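*Asks:* I need the structure of the sequence given here:
(2 chains)
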There are 2 protein chains.
Amino acid sequence: MCQLLGMNCNTPTDIIFSFEGFHRRGGLTDEHSDGWGIAFFEGNGCRLFLDYLPSISSPVADLVRAYPIKSKNVIAHIRKATQGQINLANTHPFGRELWGQQWIFAHNGNLSNLPALEHSRFLPVGSTDSEHAFCWILNQLAQQFKTRPDLPQLHEALSKLVPQLATLGTFNFLLSNGQALFAHCSTKLNYLIRQAPFCRAHLSDTDMAVDFSLETTPKDRVAIIATEPLTDNENWIAMQNGELLMFIDGSPES
Amino acid sequence: MCQLLGMNCNTPTDIIFSFEGFHRRGGLTDEHSDGWGIAFFEGNGCRLFLDYLPSISSPVADLVRAYPIKSKNVIAHIRKATQGQINLANTHPFGRELWGQQWIFAHNGNLSNLPALEHSRFLPVGSTDSEHAFCWILNQLAQQFKTRPDLPQLHEALSKLVPQLATLGTFNFLLSNGQALFAHCSTKLNYLIRQAPFCRAHLSDTDMAVDFSLETTPKDRVAIIATEPLTDNENWIAMQNGELLMFIDGSPES
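*Replies:* Okay, here's the model as predicted:
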């Protein structure tokens, strides 16, 4: 299995603090050492950093730790391979363009007997169940909407599509088009909203703390979504099995 | 305008030496300081590093200079903006998936009155003429071939599509699906084949040299393609205007 990390905010924010804890689970505090990746939306653009090395020893992870990229939507993943070899093509997050928007997807779980894709528009480059599932979802959305739908329409469409795959195994995932971040819990996913009054947060995976009241404005709101809580002194909320949340501007909508 | 750098080889090779000279043209030895990017194919996968900072002062460029990623197909670009703002969505190279393969494209030039894309399958995320042209080419290929064609078929199809855009302005570009690297010269593009007997090469943009006979095997063959020659003591070949070459395993086919 793998671990997921997502961030959705109302103002561009860096993910340095959360990533400092998260990347340690890729070979140091946990066993997810079969590659890792992180995607940052910046305006309409998106930067996707991937490495098949464990995040704890990856030069690309060192760059991400040192380079505070500000983004309103971030998706990161550390991999413990279940299906597919350890190589770049099988490294999450996966990206595709649909309706002139970048779409980014990362998955924690394992799916069997996925519907065939054949000659459909989106096809996997690698051999994971995860990229296959992502392509299936995008194919379905592209068939339903010839032009870009609004976010409530997208949320409704996904709430009908996702259960069809969730019956095939474990399907915790994060999905974003840069406007919203969709989080689906099949077995395990937690989230946290940071907003005023901001306070001090302490990481679970290393002895490091940040006082967010010194780094924020009163209007800032940041949602962090993670497989396992990243801090040990904040109010993480466990998502329910089968729950699909759409995060916009740091707030969840069910 | 911009500058292009491509590499196509018969064995995975790092591009550290060429990039050392090339990245200096992004703000030091030349004026192409409106962002830069580089894509490395690795197996079926592809890593795309982008930054809107000048390559000479980009932390991402420092990573690429220090991290010898071995690849058979690389495309890099430093930008001097002509159309579109300086932001990530307008930063080359651009990437899309077609027939289960990653496709990467970078352009030097300026095109006007491009054919409309409307609701076509591939749409630009940013606002450059370059990404628009890339999407048009992929839309045309996707319509012509429902499944992945072989390389000679691709080459023939591109040799009919590309002249349609080349009449609309300056259209020097590099395009790769990880199997072959297509290079089109509209006004300026040079290439070089390094093969046995390998010798010492000296960069034009800084006083740095490498003796490739110490770093290669007799079977290695590497093609380097660049807007301006990167070394001052090797036999660079100027491509002809209107010429489209398909590089495979370090060799060009016209």
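
*Asks:* which SS class is the residue nearest in space to the middle of chain A?
*Replies:* Centroid check for chain A by C-alpha atoms, centre = their mean gives residue A:75 as the closest residue, at 3.3 Å. Going by DSSP: H, G, I helix; E, B strand; the rest coil, the secondary structure assigned to residue A:75 is strand.

*Asks:* so it touches residue A:107, yeah?
*Replies:* No: between residue A:75 and residue A:107 there is no contact under C-beta atoms under 8 Å: 10.4 Å. The C-beta positions use only the backbone N, C-alpha and C, and glycine is treated the same way.

*Asks:* any shared contact partners between these two?
*Replies:* residue A:4 (C-beta atoms under 8 Å, 6 or more residues apart in numbering or on different chains).

*Asks:* could you measure from the residue nearest to the centre of chain A over to residue A:224?
*Replies:* According to C-beta to C-beta, to the nearest Å, residue A:75 and residue A:224 sit 12 Å apart.

*Asks:* need the overlap of contacts for the two.
*Replies:* In contact with both residue A:75 and residue A:224: A:5, A:6, using C-beta under 8 Å, 6+ apart.

*Asks:* which residues touch the residue nearest to the centre of chain A?
*Replies:* A:4-6, A:38-39, A:93, A:104-106, A:174-176, A:181.

*Asks:* just those residues: which are in strands?
*Replies:* A:4, A:5, A:6, A:38, A:39, A:104, A:105, A:106, A:174, A:175, A:176, A:181 (DSSP state E).

*Asks:* those: which two are farthest apart?
*Replies:* A:38 and A:175 (14.9 Å; C-beta to C-beta).

*Asks:* quick one: which of those two has more around it?
*Replies:* Per other C-beta atoms under 10 Å in any protein chain shown, whichever of residue A:38 and residue A:175 has more neighbours is residue A:38, with 29 against 26.

*Asks:* in contact with the residue nearest to residue A:232 when sequence neighbours are not counted, which residues?
*Replies:* Leaving aside its chain neighbours, residue A:232 sits nearest to residue A:204 (4.6 Å; criterion: C-beta to C-beta, 6 or more residues apart in numbering or on different chains). Neighbour list for residue A:204: A:21, A:228, A:229, A:230, A:231, A:232 [criterion: C-beta under 8 Å, 6+ apart].

*Asks:* filter those residues down to the buried ones.
*Replies:* Buried subset of the contacts of residue A:204 (neighbour count, 16 or more other C-beta atoms under 10 Å in any protein chain shown): A:21, A:228, A:229, A:230, A:231.

*Asks:* so among those residues, where is pLDDT lowest?
*Replies:* Across the buried ones among the contacts of residue A:204, the smallest pLDDT goes to residue A:21, namely 91.

*Asks:* part of a helix, is that residue?
*Replies:* Yes: counting by three-state DSSP, residue A:21 falls inside a helix.

*Asks:* next up, the contacts around it.
*Replies:* A:203, A:204, A:205, A:206, A:208, A:230, A:231.

*Asks:* tally of neighbours for the spatially closest residue to residue A:176 that is not a sequence neighbour?
*Replies:* Nearest non-adjacent residue to residue A:176, counting by C-beta to C-beta, 6+ apart: residue A:73, 4.6 Å away. Using other C-beta under 10 Å, residue A:73 has 25 neighbouring residues.

*Asks:* do the same with residue A:134
*Replies:* 26.

*Asks:* tell me the secondary structure for it?
*Replies:* helix.

*Asks:* again, but for the one 5 residues further on
*Replies:* Applying three-state DSSP to residue A:139 yields a three-state assignment of helix.

*Asks:* repeat that for residue A:63.
*Replies:* helix.

*Asks:* how about it: what's its closest non-neighbour residue?
*Replies:* residue B:63 is the one closest to residue A:63 (C-beta to C-beta, 6+ apart), at 4.6 Å.

*Asks:* how about the contacts made by the one you found?
*Replies:* Going by C-beta under 8 Å, 6+ apart, the list of residues near residue B:63 reads A:59, A:60, A:63, B:49.

*Asks:* rerun that using 10 Å as the cut-off
*Replies:* Counting by C-beta atoms under 10 Å, 6 or more residues apart in numbering or on different chains, residue B:63 touches A:49, A:59, A:60, A:62, A:63, A:64, A:66, A:67, B:49, B:51, B:69.

*Asks:* can you map out the helices along the stretch 51-200 of chain A?
*Replies:* A:59-66, A:129-144, A:151-166 (DSSP state H, counting those that start in this stretch).

*Asks:* ok and the second one relative to helix A:151-166, angle-wise?
*Replies:* Right, the one you point to is helix A:129-144. Computed by axes from the mean of the first three to the mean of the last three C-alpha atoms, to 10 degrees, the angle separating helix A:129-144 from helix A:151-166 equals 130 degrees.

*Asks:* and chain B, is helix A:129-144 touching that?
*Replies:* Yes: Helix A:129-144 reaches chain B (C-beta under 10 Å from any C-beta of the partner chain) through A:131, A:135, A:138, A:142.

*Asks:* next one: that helix to chain centre, how far?
*Replies:* 16 Å (C-alpha atoms, centre = their mean, to the nearest Å).

*Asks:* now swap in the last one and tell me
*Replies:* Going by C-alpha atoms, centre = their mean, the spacing between the C-alpha centre of helix A:151-166 and its chain's C-alpha centre is 17 Å.

*Asks:* what sits up against that helix?
*Replies:* A:107, A:109, A:111, A:114-115, A:129, A:132-134, A:136-137, A:140-141, A:144-145, A:148-149, A:171-173, A:175, A:177, A:179-180, A:182, A:184-186, A:241-242, A:244-246, A:248, A:253-254.

*Asks:* report the buried members of the residues you listed.
*Replies:* A:107, A:109, A:111, A:129, A:132-134, A:136-137, A:140-141, A:171-173, A:175, A:177, A:179-180, A:182, A:184-186, A:244-246, A:248.

*Asks:* need the contact list for the residue nearest to residue A:176.
*Replies:* A:6-9, A:12, A:39-42, A:46, A:102, A:104, A:174, A:176-181, A:247-248.
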